[in-house]
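> Need the 3D shape of this:
(one chain, ligands or ions: 2)
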Amino acid sequence: MGTSVRVKIRPTSWKYEAIISTGSLAEAGRWAAKCLGRTESKIAILTNRKIAPIYLGLVTHALERTGFETYSFILPDGERYKNLSSIETFLQYLGEKNFQRTDAIVSLGGGVIGDIAGFAAAIYLRGIDFLQVPTTLLAMIDSSVGGKTGINTPFGKNLVGAFHQPRGVLIDPAVLCTLEQREITAGLCEAVKQAALAGGKLFDQTRELLDVFTEGDVSKVFTRKENARRFEQFIAAQIRFKSEIVAADERESARYVGPKSRKILNFGHTFAHALEKSTDYRYLRHGEAVGHGVLFAAELSKRLGLLDKDSVNLLRDVVRRCGPLPQIHHIAPDEIRTALRYDKKTSTERFNGFCSSKSESRESSRAIKFRHPF
Ligand code: NAD
Ligand code: GLY
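Ligands and ions are numbered 1, 2, ... in the order given. From the prediction side, this is the model:
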């Protein structure tokens, strides 16, 4: 059972596989040995206080059974801990435990843990191996693949980081049973973003899947075998789309403009990051902010004459079906404008109000592939 997607970064020939298989967490040891090509090494598992009591024991046991010497470092839960201080304490821990270049880090968690683990792996001893075990829908379809790592700073989100590809990604969709419905909604918003960019089959597949998720109890999705298979295929299709973009433009080159430019993956993110920053990373889940951001970018594109009304309405409908998004009308426009100023995408253009969003809007409109069916 299960499926896999091969990610290949063209200029560097760096290759790894994303394995998507229900129940595979118990096989994390054999998988890690295959990805790393060794078992005589230490592995530091980075996770958080919410995930540790549910999954850390299983992963630790699987790794130790294969021969790895494991250590675990448990952070508090939350986007606000994706900061320099978490990196510093984790690096210090690795140093104290005498981690060498032949040792590795496993990220066990959502996008927050993945970004911190990846960044620490990128800079510890100038780069050690790391493996991604994503436990949220968002991390499975997006953040665990592609090698973007980093942290938030007082001046903005994800502004300090590195490109550092993992050695492998292990996805066990069964872990989504314990995820809150709100996190599923957040993940689905990122899925809709990618589906809108991909168009065609992925857009239809994503739309169809939304019905399964919005039926209510998430755990039911995985207790039915046919759902599990369908869901594995959905995650694989999402990753396949993302990996094609990453393969062509790993470093999000400023000069490369084209259908496979990594910049298109930022669809909705200018506004999303500004919303997150202006609410101190506490009010919105990242994916929820992306849901709002995608609609904002699409609306802006329409006003600029770059996207037709039917496409915007279709997108609005699909985002709505991901689940309820927190209201944002109480956030002061000035707060958002100030946050936009620090977005990394403003660096190439002089800032004037919403100009970074306008440039994103142009990128997005060029990239969006879905078309209104009527
Ligand atoms: P998250 O990591 O905060 O996880 C969401 C919540 O779910 C947390 O409370 C977490 O503890 C909990 N959780 C995780 N797995 C669980 C499970 N199986 N059962 C129960 N609870 C579980 O949020 P996220 O949405 O996964 O990731 C958002 C982050 O990812 C943001 O910081 C964003 O910037 C980043 N991101 C990075 C990339 C990239 O390419 N590097 C892409 C997209 C997003
Ligand atoms: N999530 C955007 C990227 O990976 O480029």
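> Could you pick out the residues of this protein near ligand 1 for me?
Residues of the chain lying close to ligand 1 by C-beta under 6 Å from any ligand atom are 48, 50-51, 77, 79, 82, 109-113, 115, 135-136, 138-139, 142-143, 146, 148, 158, 175, 178-179, 183, 186, 285-287. All C-beta atoms are positioned from the backbone trio N, CA, C, and that covers glycine.
> Separate out the buried members of the residues you listed.
Burial by neighbour count, judged by 16 or more other C-beta atoms under 10 Å, picks out 48, 50-51, 77, 79, 82, 109-113, 115, 135-136, 138-139, 142-143, 146, 148, 158, 175, 179, 183, 186, 285-287 from those.
> taking these one by one, which sit in strands?
48, 109, 148, 158 (DSSP state E).
> From these, pick the one nearest ligand 1.
Nearest to ligand 1, judged by C-beta to the nearest ligand atom, of those is K148 at 3.7 Å.
> Please compute how far stretch 289-297 lies from its chain's middle.
The gap between where stretch 289-297 is centred and where its chain is centred comes out at 16 Å by C-alpha atoms, centre = their mean, to the nearest Å.
> Could you pull up the mean pLDDT of it?
Average pLDDT, stretch 289-297: 96.
> Does it reach ligand 2?
No: Stretch 289-297 does not reach ligand 2 (C-beta under 6 Å from any ligand atom); its nearest approach is 9.0 Å.
> Now tell me what touches that stretch from outside.
Residues outside stretch 289-297 that contact it (C-beta atoms under 8 Å, 6 or more residues apart in numbering) are 185-186, 189-190, 192-193, 196, 267-273, 275-276, 284, 315-316, 319, 322, 325, 328, 357, 360-361, 364.
> Provide a list of residues in contact with the closest residue to ligand 2 within the stretch 151-300 of the chain.
Using C-beta to the nearest ligand atom, the closest approach of the stretch 151-300 of the chain to ligand 2 is made by L265 at 3.8 Å. Shown in contact with L265 (C-beta under 8 Å, 6+ apart): 193-194, 197, 242, 245.
> Out of those residues, grab the one that's most surrounded.
Tallying neighbours with other C-beta atoms under 10 Å puts K193 at the head of the contacts of L265, with 30 neighbours.
> what sits against it?
Applying C-beta under 8 Å, 6+ apart, the residues near K193 are 265, 267-268, 290, 294.
> same thing but 6 Å
Counting by C-beta atoms under 6 Å, 6 or more residues apart in numbering, K193 makes contact with 267-268, 290, 294.
> That one is in what secondary structure piece?
Element membership for K193, per DSSP states H and E: helix 181-198.
> How far off centre is that helix?
Counting by C-alpha atoms, centre = their mean, helix 181-198 comes out at 10 Å from the chain centroid.
> What residues does the stretch 51-200 of the chain have near ligand 2?
Neighbours of ligand 2 within the stretch 51-200 of the chain, by C-beta under 6 Å from any ligand atom: 142, 146, 148.
> Tell me the spacing between the last one and N158.
Same thing as K148. For K148, the distance to N158 (C-beta to C-beta, to the nearest Å) stands at 8 Å.
> Next: the second one.
Plainly put, G146 is 13 Å away from N158 if you go by C-beta to C-beta.
> for the stretch 201-350 of the chain, what are the low-confidence residue spans?
Along the stretch 201-350 of the chain, the parts satisfying pLDDT under 70 run over 214-223, 343-350.
> Please name the nearest non-neighbouring residue to the most centrally placed residue in the chain.
Among the residues of the chain, the one closest to the centroid is S143, at 2.3 Å (C-alpha atoms, centre = their mean). Counting by C-beta to C-beta, 6 or more residues apart in numbering, G111 is the residue found nearest to S143 once chain neighbours are left out, at 3.8 Å.
> now I123
Closest residue to I123 apart from its sequence neighbours, by C-beta to C-beta, 6+ apart: A162 at 6.7 Å.
> So the one you found: helix, strand or coil?
Secondary structure state of A162, per DSSP: H, G, I helix; E, B strand; the rest coil, is strand.
> What residues are recorded as beta-bridge partners of it?
On the basis of DSSP bridges, A162 is bridged to T149.
> was I right about it contacting A122?
Yes: because the distance of 3.9 Å satisfies C-beta atoms under 6 Å, A162 is recorded as touching A122.
> ok, the two, which is more surrounded?
A side-by-side neighbour count of A162 and A122, using other C-beta under 10 Å, places A122 first with 20 against 15.
> residue ranges for the helices of the stretch 101-250 of the chain, please.
Using DSSP state H, counting those that start in this stretch, the helices of the stretch 101-250 of the chain run over residues 111-123, 137-138, 181-198, 200-213, 218-223, 225-248.
> Give me the distance from stretch 244-255 to the chain's centre.
That offset, for stretch 244-255, works out to 16 Å (C-alpha atoms, centre = their mean).
> just stretch 59-68 next, same as before
Distance, stretch centre to chain centre, for stretch 59-68: 26 Å (C-alpha atoms, centre = their mean).
> For that stretch, the averaged confidence score.
If you average the pLDDT over stretch 59-68, you get 98.
> List the buried residues for that stretch?
Across stretch 59-68, burial judged by 16+ other C-beta under 10 Å covers 59-60, 62-63, 66, 68.
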